[in-house]
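> Structure for this input, please:
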Amino acid sequence: MKKSSNEMNEKMKTLCGISQHKCNFARHLKKCKSCPIIQHLMDQLELEKKEKEHIKNELLKALRNQNPTINYVDNRHVNQNNISIYCYGREPPLNLETIRELLNDPETSIPEYTRLKHFDREDTNNLRLINKRECEAFLPEDDDDDNPKRGRWETYKKEDILEDVVETNLDELRKKNDEEIQNQNWIQWYESNDLNKNGYNKTQKFKEIIEAVENLVRLH
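Numbers count the residues shown, from 1 in each chain. Next comes the predicted model:
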């Protein structure tokens, strides 16, 4: 049955937050570079959620059998079961094979690298949005302290911390690729989007990566 003009003109919101008429929705999905990245991250998070729920159920089953006493520590409105968090900038490095796999998909490489680096493990979850304008990072108490888990939560403007996260992770992937991997497809993507030039943080691609990483942090 043919759709009415009212139905076709009805607006729908895309994953990247843009409102589109139904008749233009499919066209937008084909052209938009942010939507596939956001969808990929959402799929990964949904898979992680299911895996964590399974682990949680298994742990609860074991705890019911053992009847232990559990002590929880309140840490700035987050309940953690005696988990020590790595400070921001002192996370354990990802292994080379994981990075090699990430570089095969340049468009999702930075958000996915960020997810694995900061959110794949509970003890590296050192970033969180606290409102629309601010973000918290778990920073070292002392830059000269060798303990990577001795730190404090500090609040920053959201834009500042997100830009630092993307700049740092982009640079880490570039160096790892230059020194050990040499993925030419990733290098071509990096250079064709002017991420190797002065003012790279003003490019459209950098802004798209910022948006994808913000959505990632918000979901965690």
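> the helices in this protein, which residues?
With helices called from DSSP state H, the chain shows them at 5-9, 22-31, 34-66, 96-103, 106-118, 158-176, 184-192, 204-219.
> Contacts for the fifth one, please.
So that's helix 106-118. Helix 106-118 has contacts (C-beta atoms under 8 Å, 6 or more residues apart in numbering) with 33, 36-37, 40-41, 44, 91, 94, 98-99, 102-103, 105, 124-127, 165-166, 169-170, 172-173, 185-186, 189-190, 209, 212-213, 216-217, 220. (Each C-beta comes from the backbone N, C-alpha and C, glycine too.)
> returning to that earlier point: among the helices of the chain, show me which one is buried the most.
Most buried of the helices of the chain by mean neighbour count (mean count of other C-beta atoms under 10 Å) is helix 106-118; its value is a mean of 22.
> what angle sits between that helix and helix 204-219?
40 degrees (axes from the mean of the first three to the mean of the last three C-alpha atoms, to 10 degrees).
> to the chain's geometric centre, what's the distance from helix 106-118?
Relative to its chain's centre, helix 106-118 lies at 6 Å (C-alpha atoms, centre = their mean, to the nearest Å).
> Using CSV, list the CA coordinates for that helix.
Extracted C-alpha coordinates of helix 106-118, given in CSV (Å, rounded to 0.1, in the frame of the first residue of the first chain):
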residue,chain,number,x,y,z
PRO,A,106,40.1,2.8,10.2
GLU,A,107,36.7,4.5,10.8
THR,A,108,36.1,2.6,14.0
SER,A,109,39.7,2.2,15.1
ILE,A,110,39.9,5.2,17.5
PRO,A,111,36.5,4.7,19.3
GLU,A,112,37.2,0.9,19.5
TYR,A,113,40.7,1.5,20.8
THR,A,114,39.2,3.9,23.4
ARG,A,115,36.6,1.3,24.5
LEU,A,116,39.2,-1.4,25.0
LYS,A,117,41.7,0.9,26.7
HIS,A,118,39.2,2.6,29.1
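> Could you number the chain from 46 rather than 1 from now on?
OK, 46 is where the count begins now, so the last one is helix 151-163.
> now the angle between helix 229-237 and it, please.
100 degrees.
> average pLDDT across helix 151-163?
Averaged over helix 151-163, pLDDT sits at 95.
> With stretch 172-185 instead?
Averaged over stretch 172-185, pLDDT sits at 90.
> buried ones in it?
172-174, 180-185 (16 or more other C-beta atoms under 10 Å).
> In this structure Lys203 contacts Leu172, no?
No - between Lys203 and Leu172 there is no contact under C-beta atoms under 8 Å: 10.6 Å.
> residues shared between the contacts of those two?
Cys180.
> hang on, the earlier thing: now, the most widely separated pair of the buried residues of stretch 172-185?
Checked with C-beta to C-beta, the buried residues of stretch 172-185 reach their widest spread between Leu174 and Pro185, with 21.0 Å between them.
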